[in-house]
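**Student:** what would the 3D arrangement of this be:
(one chain, ligands or ions: 2)
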Amino acid sequence: MSEELFPRPPAEIAPGAVHLPGRLDAEAQHELLTACRRWALPPAGLRTVRMPSGGRMSVRQLSLGRHWYPYGYADTVVDGGGEPVKPFPGWLGEWARAAVDAAAEVVAGTDTLGRRPCDVPYDIALVNFYGDGARMGMHRDSDEKSAAPVVSFSLGDACVFRFGHSGGRGRPWHDVTLRSGDAFVFGGPARLAYHGVPRTDPGTAPPGLGLRGRVNVTVRAY
Ligand SMILES: O=C(O)CCC(=O)C(=O)O
Ligand SMILES: [Fe+2]
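**Tutor:** Residues are numbered from 1 along each chain as shown. Ligands and ions are numbered 1, 2, ... in the order given. Below you'll find the predicted structure:
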């Protein structure tokens, strides 16, 4: 990304966890954001997630392919209006597989991210919308049966993405800044690591994108 003051090379944050800065160019970011805006409309659009504890997530969310609710997957919005979930688009699976292949280049010499080229049948995406002040606590993505890598794409405001380990929510962890267009892949030994978003940095979205806030799309295989 030429406008960055300091270069941001791809980096293996932990074994199996790879940050791919600037993975999506401005056109791809715009394309993904346009799709997110379409998906966010009802039915089965953006909603506030209620936790079993009675609290609400500050992040608003929608699902594609299968509906995620705390804690499982369903074909319909079982904790909302009961509508069928929107389909998972094939092109998003292609983007995810290509990102896994790019991440595998970074960890070349290890097979932590599975077979090359990536042949994972990605079929689920969670789209998270972070308004000012929204955050996501430390958690694991553990409701999928598949051990395939998770691929996340970020749009809009930058955030601190906290990536820990599978042994618990606590330290050690790495804080990584995810910016608009970045991808983050976590598989292999990192697949069940705890991670979260302690904060976003409002107002840091690329001016040309036309987004206030942050959108994150995580692609998974069920
Ligand atoms: O917003 C992010 O970057 C992370 C989202 C996440 O961890 C999730 O949807 O499970
Ligand atoms: Fe997650």
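
**Student:** and the pLDDT at the residue in the chain positioned nearest to ligand 1?
**Tutor:** Here the residue of the chain nearest ligand 1 is Asn216; by C-beta to the nearest ligand atom that distance is 3.3 Å. For the C-beta atoms, the positions are set from N, CA and C on the backbone; glycine is no exception. On pLDDT, Asn216 comes in at 98.

**Student:** identify the bridge partners of the residue nearest to it when sequence neighbours are not counted.
**Tutor:** Using C-beta to C-beta, 6 or more residues apart in numbering and skipping the chain neighbours, the partner closest in space to Asn216 is Asn128 (4.6 Å). For Asn128, the beta-bridge partners under DSSP bridges are Gln61, Asn216.

**Student:** and Ala14, by the same measure?
**Tutor:** Here Ala14, judged by DSSP bridges, has bridge partners Ala17.

**Student:** what's near enough to touch it?
**Tutor:** Ala14 is in contact with Phe163, His165, His174, Pro189, Ala190, Ala193, counting by C-beta atoms under 8 Å, 6 or more residues apart in numbering.

**Student:** just those now: which is nearest Leu92?
**Tutor:** Nearest to Leu92 among these: Ala190, at 21.3 Å, using C-beta to C-beta.

**Student:** pretty sure that closest one sits against Glu12.
**Tutor:** No. Applying C-beta atoms under 8 Å, one finds Ala190 not in contact with Glu12, separated by 9.3 Å.

**Student:** settle it for me: which of the two has more neighbours?
**Tutor:** Set Ala190 next to Glu12 and count neighbours by other C-beta atoms under 10 Å: Ala190 wins out with 24 against 16.

**Student:** contacting residues around that one?
**Tutor:** Neighbours of Ala190 in contact, by C-beta under 8 Å, 6+ apart: Ala14, Pro15, Gly16, Ala17, Thr112, Phe163, Ser166.

**Student:** which of those residues are buried?
**Tutor:** Among the contacts of Ala190, those classed as buried by 16 or more other C-beta atoms under 10 Å are Ala14, Gly16, Ala17, Thr112, Phe163.

**Student:** so which of those sits lowest on pLDDT?
**Tutor:** pLDDT across the buried ones among the contacts of Ala190 is lowest for Thr112, at 89.

**Student:** narrow the contacts of Ala14 to those in strands?
**Tutor:** Among the contacts of Ala14, DSSP state E puts Phe163, His174 in strands.

**Student:** farthest pair in the contacts of Ala14?
**Tutor:** Pairwise distances across these (C-beta to C-beta) peak at 14.2 Å, for the pair His174 and Pro189.

**Student:** contacting residues for Gly156?
**Tutor:** Here Gly156 is in contact with Leu33, Tyr130, Ser180, Ala205, Leu209, Leu211, Arg212, Gly213, Arg214, Val215 (C-beta under 8 Å, 6+ apart).

**Student:** change it to 7 Å
**Tutor:** Listed by C-beta atoms under 7 Å, 6 or more residues apart in numbering, the contact set of Gly156 reads Ser180, Ala205, Leu209, Leu211, Gly213, Arg214, Val215.
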